[in-house]
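K.L.:
what's the 3D shape of this:
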Amino acid sequence: MRGHRASAGTESRNSAMGIHKLTANGAFGPDEIRVMSNAYEAALVILQLNNSDDPITELIAKSIINVSAAGERDPAQMAKRAINALGIRRPSAA
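P.N.:
The predicted model follows:
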C-alpha cells in the first residue's frame, strides 16, 4: 500500500476531496463534513496511505460516512471504527 508522497497542503486537500465528493448531495452540514474529513485524514495516516488515487481511499471515505451516519462524532473513533468495519489490517509499527 505505497503511493506517491505529496506535500502536506496537497495531501490534505486531496484527502478532504475524498469525503467532499461523496457528501455532495447535501445530506451533511459543514461541521459534519469537517469531522468526517478529519477522520478520513486520520485513517489515511493510520493506514500509511499517501496516494489519494488508491481505490481503498474511496472505501475508507464511504465507511467513515457510514460510521458518521450511525452517530459517531469523534474523528479518532470514527477513523478506527471505519477501518475496523472494512477489516483492514493496520501496518505494524517499525
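
K.L.:
in this structure, which helix or strand is least confident?
P.N.:
Taking mean pLDDT, DSSP states H and E as the measure, the chain has helix 8-20 as its least confident helix or strand, at a mean of 51.

K.L.:
any weak-confidence spans in the chain?
P.N.:
Within the chain, the stretches with pLDDT under 70 are 1-26, 93-94.

K.L.:
how about the helices in the protein?
P.N.:
Per DSSP state H, the chain carries helices over the ranges 8-20, 30-46, 55-69, 75-86.

K.L.:
tell me what angle the longest one forms with helix 55-69.
P.N.:
Pointing back at helix 30-46 there. On the basis of axes from the mean of the first three to the mean of the last three Cα atoms, to 10 degrees, helix 30-46 is oriented at 140 degrees to helix 55-69.

K.L.:
in helix 30-46, what's buried?
P.N.:
For helix 30-46, burial by neighbour count (16 or more other Cβ atoms under 10 Å) applies to 32-33, 35-44, 46. Placement of C-beta: from N, CA and C, glycine included.

K.L.:
for the helices of the chain, which one sits closest to residue 92?
P.N.:
Each of these has some distance to residue 92 by Cβ to Cβ; the shortest is helix 30-46, at 11.9 Å.

K.L.:
and the closest one, what does it pack against?
P.N.:
If you count contacts as 3 or more Cβ pairs under 8 Å, 6 or more residues apart in numbering; DSSP states H and E, helix 30-46 packs onto helix 8-20, helix 55-69, helix 75-86.
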